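# here's a sequence, model it:
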Amino acid sequence: MKHILTFIILILYAVNAGFACTTVIISGKFTNDGRPLLWKQRDSDAFNNKIVHLKGEKYHAIALIDSDDSEPENIWIGFNNAGFAIMNSASYNLKGDDTTSFSEQEGSFMKKALLSCATVDEFEAFIRTYPKPMGVEANFGVIDAFGGAAYFETDNFNYTKLDVNDKLLAPHGYIIHTNYSFAGEPSKGAGYIRYETAEQLFYQASAQQNLSVDYIINTMMTSLENSLTGESVSEALTQSSQQSHFMYNQDCINRYSSVSSVVIQGVIPKENPEYTIMWSRVGFPLSSIVVPVLLDKNGTLPKVVTAAAGENAPVCDKALLLKKVMVPIRRGSGKYYINLTKVANAEKTGVRQLIEPVDKEIIKQTKAKMESWRPKNLDTKELGLFYDWLDQKVIGSYQSLFGI
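Reported below is the predicted structural model:
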């Protein structure tokens with residue numbers, strides 16, 4: 001009986017570890033424009049994601065949710081009109097001997113925090129006064145409009161704060177978390193290979209003074225590197241699209257369970273917090289076109305990233321269709337292998353190669369708009385017109401490039 005229970009526990013742990021995340025917070029003191037960055041590569045068994053507008057008694061916000069979460073009851077990354085942003089990554093080494101059964105409340109916990117907090121300090125007070133046990137085991141990442149940036153490694157009863165602005169903790173200006181906590185039990189948890197991959201990539205960006213939103217969008221969100229084996233998508237660049245080159249990518253930042261990738265770019269101190277921006281790849285990140293989202297007083301969103309209750313976001317549906325091209329084997333363990341020549345190849349007809357120019361045009365146009373908007377209050381009409389362009393660009397690109 002004891003062996004059976006041990007086996008069940010190991011199976012449950014393996015399942016949970018598969019639905020994990022890779023995250024980073026970068027201090028605005030180290031980014032190339034002075035704005036802090038909060039990035040989450042979300043892994044889950046909920047493949048359909050979308051972005052929604054939320055209204056609370058104190059603040060309103062936009063956040064990433066599961067498409068079938070009709071209320072919604074849970075959020076997985078988001079920001080509010082005070083410029084406060086929050087995300088999480090599951091941790092599997094914090095609880096120790098805590099056998100409290102109340103758990104998996106991270107999504108509802110973050111929703112409550114997002115609609116009631118304006119600063120990192122307020123979030124810390126939120127944790128202190130939250131009813132115990134909290135039902136969480138996670139690394140919560142937060143930034144605010146005043147330059148605050150920190151992780152809170154949190155379990156049912158306790159937390160450890162890691163200030164990203166502290167040079168002793170973050171000498172290069174960033175802290176990464178996957179699925180273990182630094183304050184937790186050593187050698188337990190998950191995501192060690194992903195952590196090392198992210199560390200290598202961000203260290204390189206730091207050395208080149210390229211800790212930027214562009215780097216996260218173009219490199220981190222679409223990473224297929226494996227720091228342990230040295231494999232990467234570059235192996236397929238000299239191969240024909242007619243060849244197959246399968247790579248086991250379950251230990252990569254992009255893997256079968258990757259369902260979205262979002263980076264929230266905060267504001268510099270004294271800048272209007274309404275210019276906080278969420279750069280999103282909703283759906284499988286390798287095949288999702290990047291869509292920027294701002295928060296206006298009406299809660300207007302690009303139509304491609306949102307949907308009515310119970311419905312799916314159009315960009316997510318299209319990204320999942322293209323995921324099948326890159327991950328064609330679904331039986332057994334086949335889903336953990338990606339065909340790299342469908343991602344990139346010598347003919348430059350890979351999914352990522354075709355989407356990349358669209359991403360770059362959207363980034364360029366968005367930055368130009370932001371520069372013209374920042375000196376004044378956000379004009380909801382102008383934002384609406386920009387969203388119309390975005391919707392047409394995304395839908396038209398999927399149709400012209402892939403016929404979907």
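# so what's Tyr398 closest to, chain neighbours aside?
Using Cβ to Cβ, 6 or more residues apart in numbering and skipping residues adjacent in sequence, the residue nearest Tyr398 is Lys318, 4.8 Å away. Where C-beta positions appear, they are placed from N, C-alpha and C, glycine not excepted.
# now for the host helix or strand of the one you found, which elements pack on it?
Secondary structure assigned from DSSP states H and E places Lys318 in helix 314-326. Counting contacts by 3 or more Cβ pairs under 8 Å, 6 or more residues apart in numbering; DSSP states H and E, helix 314-326 packs against strand 277-282, helix 340-343, helix 351-373, helix 380-402.
# Ser212 contacts Arg35, correct?
No - in this structure Ser212 lies outside contact range of Arg35 using Cβ atoms under 8 Å: 9.4 Å.
# in three-state terms, label Glu274 for me.
With DSSP: H, G, I helix; E, B strand; the rest coil as the basis, Glu274 sits in helix.
# you'd agree it is up against Asn377?
Yes - look at Glu274 against Asn377 with Cβ under 8 Å: they come within range, at 7.4 Å.
# and those two? Which one has more around it.
Glu274 (20 against 10; other Cβ atoms under 10 Å).
# how close does the more buried one sit to Gly34?
17 Å (Cβ to Cβ, to the nearest Å).
# kindly report the same for Thr119.
18 Å.
# Val305 too?
From Val305 across to Gly34, the span is 27 Å (Cβ to Cβ).
# who has more neighbours, these two?
Comparing Val305 with Gly34 by neighbour count (other Cβ under 10 Å), the higher total belongs to Val305, at 31 against 15.
# phi and psi next, for that one.
Val305 adopts backbone torsions of phi -110, psi 0, taken as degrees, to the nearest 10.
# I'd assumed Val291 was in contact with it.
Yes - applying Cβ under 8 Å as the test, Val305 and Val291 come out as touching, 5.1 Å apart.
# overlap of the contact sets of those two?
Shared contacts of Val305 and Val291, defined by Cβ atoms under 8 Å, 6 or more residues apart in numbering, comprise Ser280, Val282, Val315.
# including distance to Pro171, could those go into a markdown table?
Formatted as a markdown table, the shared contacts of Val305 and Val291 follow (distance: Cβ to Cβ, whole Å):
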| residue | distance to Pro171 |
| --- | --- |
| Ser280 | 30 |
| Val282 | 34 |
| Val315 | 37 |
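# which one among the residues you listed gets closest to Lys360?
Nearest to Lys360 among the shared contacts of Val305 and Val291: Ser280, at 16.1 Å, using Cβ to Cβ.
# once you drop chain neighbours, what's closest to that closest one?
Nearest to Ser280 is Val262, by Cβ to Cβ, 6+ apart, at 4.8 Å.
# could you do Trp389 as well?
That would be Gln365: by Cβ to Cβ, 6+ apart, it lies 7.5 Å from Trp389.
# tell me where the stretch 101-250 of the chain has strands.
Assigned by DSSP state E, counting those that start in this stretch, the stretch 101-250 of the chain shows strands spanning 138-143, 149-154, 159-163, 174-177, 246-248.
# ranking those by mean neighbour count, which comes first?
Of all the strands of the stretch 101-250 of the chain, strand 138-143 has the most neighbours on average by mean count of other Cβ atoms under 10 Å, namely a mean of 28.
# what about that strand, distance to the chain center?
12 Å (Cα atoms, centre = their mean, to the nearest Å).
# stretch 295-315 too?
From the chain centre to the centre of stretch 295-315 is a distance of 17 Å (Cα atoms, centre = their mean).
# any buried residues in that stretch, and which?
Neighbour-count burial for stretch 295-315 flags 295-296, 300-307, 312-315 (criterion: 16 or more other Cβ atoms under 10 Å).
# Leu385: which of the residues you listed is nearest?
Once Cβ to Cβ is applied, the member of the buried residues of stretch 295-315 that ends up nearest Leu385 is Thr300, at 10.7 Å.
# mind listing what the closest one touches?
Per Cβ under 8 Å, 6+ apart, neighbours of Thr300: His53, Thr380, Leu383, Gly384, Tyr387.
# buried subset of those as a ChimeraX selection?
Only the buried members of the contacts of Thr300 enter the following ChimeraX selection, criterion being 16+ other Cβ under 10 Å:
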select :53,383,387
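# would you reformat the contacts of Thr300 as TSV and include distance to His172 and pLDDT?
Formatted as TSV, the contacts of Thr300 follow (distance: Cβ to Cβ, whole Å; pLDDT from 0 to 100):
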residue	distance to His172	pLDDT
His53	35	98
Thr380	39	95
Leu383	35	98
Gly384	39	97
Tyr387	36	98
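# a markdown table for the contacts of Thr300, including distance to Asp68?
Output for those, formatted as a markdown table (distance: Cβ to Cβ, whole Å):
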| residue | distance to Asp68 |
| --- | --- |
| His53 | 18 |
| Thr380 | 30 |
| Leu383 | 28 |
| Gly384 | 28 |
| Tyr387 | 24 |
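# for Tyr130, what are its contacts?
Tyr130 makes contact with Phe109, according to Cβ under 8 Å, 6+ apart.
# pLDDT at it, what is it?
pLDDT, Tyr130: 98.
# ok, it to Ala170 distance?
From Tyr130 to Ala170 the distance is 26 Å (Cβ to Cβ).
# ok but Ser261 is inside a strand, no?
Yes - according to three-state DSSP, Ser261 belongs to a strand.
# burial of it, as a residue count?
Other residues close to Ser261 by other Cβ under 10 Å number 31.
# can you list the low-confidence ranges for the protein?
Low-confidence segments of the chain (pLDDT under 70): 1-19.
# all helices for it, in order.
With DSSP state H as the criterion, the chain has helices at 2-18, 106-114, 120-129, 192-207, 213-215, 314-326, 340-343, 351-373, 380-402.
# and of those helices, who's closest to Ser240?
Here helix 340-343 is closest among the helices of the chain (Cβ to Cβ), at 7.0 Å.
# gap between that closest one and the chain center?
Relative to its parent chain, helix 340-343 has a centroid offset of 23 Å by Cα atoms, centre = their mean.
# and stretch 216-224, by the same measure?
11 Å.
# mind checking the end-to-end distance for it?
The first residue of stretch 216-224 is 13 Å away from its last residue (Cα to Cα, to the nearest Å).
# right, and the residue nearest to Tyr398 touches Gln399 too?
No - here Lys318 does not reach Gln399: they are 9.3 Å apart, not a contact under Cβ under 8 Å.
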